Structure formats: C-alpha cells, structure tokens
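[1] one predicted model, sequence on top.
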Amino acid sequence: MQRNRFLSTCLAFFFGVVVAVGCAGNAPETSSEPTNTSEVAAVDGAPLVIGYSSWPGWLPWAIAEEKGLFEANGANVELKWFDGYLASMEALAAGQLDGNCQTLNDTISFAADAVNGEVAVLVNDNSAGNDKVIVAEGINSLEDLKGKTVALEEGVVDDFMLTQALEDAGMSRSDITIKNLETGAAAAAFASGQADGFAGWPPFWSIALEREGSKELLSSKEYPGAIPDLLVVTQKVIDEQPDQVQAMVNTWFATLDYIAKNPEESNKIMASRAGVSAEEYKAFEAGTRIFTIEENLEAFSEGNTMKHMPFAAQKMNDFMVDVGFIEAGPEDLGAILDDSFVKAYAESS
C-alpha cells in the first residue's frame, strides 16, 4: 500500500546516497566527532527507539550510530531497523516506537489513528528522480497520455506525482484510465504490454523499462517537494522529552557534517547497512536530495508551492481523500509539522 514497502530487497533504491556528501557540505558546522563523555550531559533512562529502513535519505542514521554521534550530541537513541517499511509505520502508529523515518503522505495517512500522535520534526531528503513515470513508444508528452491506460498503485506518492503533472498540463486523472495494481504487478503489466504507462519507484521502473521502446516521461526531479522523507516522532515524546528530540535533530546535521568530511568511510558504512558492496554503492546515480538546514527551514515554512510542507500536506490530504485512499486525514494538519527543532538548531549554529 505504501511507497517503500519493498525497499529492503532493492539495490536500486540506493540511487543517490552519495548526493548526501555534496549536500552535507552546505550544512552548518556541528560536533561531528564523538566527544569525551564529560563534555556531553549524561542521558539517563530508557533510550528513544527510532525506526528506519532502506531509503537512501535515512541511511546516514547508521553512521550516527556507528560513530557515536548520538552520544556526542547528548541523544539517548536506539535505532531499530525494519526490513519492511510498512511494518515501521504500523509500529509507530501502535505506540511501539518513539519515532520513525517515513514520508509526508504516509504520516498523514497514519497520524489520525496513531495512539501517541505523529509529528514531523526534520526533513531528511526529497526524492529527486527515484520516482518515475515510464511510458510506451509513441507517447512523448502528458497530452499523449489522454485516453491511455496507466498502471500504478493508487493513493501512493507516484500516483500523487502523476496527478500533479497532469494538472500542470491542464489535464486530470479523469483524462486517463488508472489500472490500480500493487507497484510490482503494475510494472509487470506495463512491461508485458497491458498498459500504456507506469508510475513507480526503483527497482520497478527498471522492470518497466525492459519493454522495448519504453522511456521515462517524467520523474520526481521535476517535482521538488512532492515526496519529502522525514523524521517523525510521537507527540508524547515532544511533550515529555523535547531535549531528546532536539538532540536527535542536532545529531542529524552532525552526521551530514561527518559525511562531508569522511565520504569514503561514510559510504562504506551506508553500503554495509544496505547490504551491498561499497563499489556497488558508489555506482548508483543521484536520485535523492539530502536537505540542508536552510532547505529544512524553507520546507516547514508557509507558502503556496510543493516546496512548503504545510501547502504540500493539504494537497496530499485532499488527494488521498479524493481517490479513496483514506477516509479523512488529521483534523489539524498543522499539528503534524513542528519546525521548532530545526529553528533551534539553525539559531545555535
């Protein structure tokens, strides 16, 4: 049902993690090296348990864990790896985690029923090409899709991206026929000639491209902000341990700083967590844009474009309700976004 449920089986999902190194170079200076324990306030009690899974924008957390950057920044955190992304979202909603790495649309989907609330406190990245619309030979524009059949998984981010593209072209979803299939099945249907287009993420678009004459029509690179990947924590944690949430946010930017200074070592750590060789890891193309602190501040701010999450959240909520993916989103969409922690980091840097 959700975008990244197959991430752990897909090498192609690691397109672009090396882009983190370049983006991290713009991050403010932070404490990226483990410090003496006397220099960091002691953190007592049970650690916050944070879930994450195999998406490039979330793998830097493995570096924070291995290099002691959580401790160096006063964060008492236990990372919990999930082979299945959907399971991590279900665990957060059920109160089994204190935080999780997930997309904005999935946060909207789960927030209304989450027992402890769900709040985005950090933008890790945006998909910047990893999500694509693939079309058959002879289709060269969105207008050419009119009356054609597109295989996709309704309600997920690639459906949303395609809908935005159609609207930009003066069209709507009613101008095409949606063949609603699980993403892997949708790619197979397109590859076998049962549809004229396909929308999805790797490795499934690589399967779709096996069809002779097929090609990429558009990707998330042209729709910045449409697919933000986030650190989401419970409202309970924010209320009871705001200092720990701040420490996690600080740790994230310290990790980006570490990556910028130690790219080779960092790539090895992320490759190991992904289960691929460092050589394979480096070979993938950029498809993920890691966010700087400046981009975080812009993303959380009010605005009238998809780069602004308050605007994007409303668009995503309305879209998912319209297509019947959810009955209703959170009563207050603003409550699932909290910019206070990235603002505090920016002010202290």
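    Cool, the structure landed. Numbers count the residues shown, from 1 in each chain.
[2] immediately after the longest strand anywhere in the chain, which helix or strand?
    The single longest strand within the chain, with elements called by DSSP state E, is strand 119-127. Downstream of strand 119-127, the next assigned helix or strand under DSSP states H and E is strand 132-135.
[3] give me the contact list for that following strand.
    By C-beta atoms under 8 Å, 6 or more residues apart in numbering, the residues outside strand 132-135 that reach it are 144-145, 150, 158, 161-162, 165, 190, 196-201, 205, 208-209, 214-220. (C-beta placed from N, C-alpha, C; glycine too.)
[4] mind listing what the helix or strand containing Ala151 pairs with, with the direction of each?
    Per DSSP H and E: Ala151 is located in strand 149-152. Strand partners for strand 149-152, identified by DSSP bridges, are recorded as strand 177-180 (parallel), strand 197-200 (parallel).
[5] one step back: filter the contacts of strand 132-135 to the buried ones?
    Those of the contacts of strand 132-135 that meet the buried threshold are 145, 150, 158, 161-162, 165, 190, 196-201, 205, 208-209, 214, 217-220, by 16 or more other C-beta atoms under 10 Å.
[6] for the stretch 1-150 of the chain, what spans make up the helices?
    19-24, 60-66, 69-72, 85-93, 104-111 (DSSP state H, counting those that start in this stretch).
[7] do the same with the stretch 201-349 of the chain
    204-208, 235-240, 242-261, 263-274, 278-283, 293-300, 309-322, 340-348.
[8] of all those helices, which lies closest to Trp61?
    helix 242-261 (7.3 Å; C-beta to C-beta).
[9] and that closest one, how far from the chain's centre?
    17 Å (C-alpha atoms, centre = their mean, to the nearest Å).
[10] list the buried ones in it?
    So helix 242-261, judged by 16+ other C-beta under 10 Å, has buried residues 242, 244-260.
[11] still on that earlier bit, can you put the helices of the stretch 1-150 of the chain in a markdown table and add distance to Asp338?
    Listed next are the helices of the stretch 1-150 of the chain as a markdown table, based on distance: least, C-beta to C-beta, whole Å:
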| stretch | distance to Asp338 |
| --- | --- |
| helix 19-24 | 23 |
| helix 60-66 | 19 |
| helix 69-72 | 20 |
| helix 85-93 | 15 |
| helix 104-111 | 12 |
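[12] most tightly packed of the ones you listed?
    Burial of the helices of the stretch 1-150 of the chain is given as mean neighbour count (mean count of other C-beta atoms under 10 Å); helix 104-111 ranks first at a mean of 26.
[13] for that one, packing partners?
    helix 85-93, strand 228-233, helix 309-322 (3 or more C-beta pairs under 8 Å, 6 or more residues apart in numbering; DSSP states H and E).
[14] centroid-nearest residue for the chain?
    Ranked by distance to the mean C-alpha position of the chain (C-alpha atoms, centre = their mean), the top residue is Asp229 at 2.4 Å.
[15] hey, what's that residue bridged with?
    As assigned using DSSP bridges, the partners bridged with Asp229 are Thr103, Asp125.
[16] any idea how far it is from Lys236?
    Plainly put, Asp229 is 22 Å away from Lys236 if you go by C-beta to C-beta, to the nearest Å.
[17] ok, Val321 touching Glu327?
    Yes - between Val321 and Glu327 there is a contact at 7.2 Å, judged by C-beta atoms under 8 Å.
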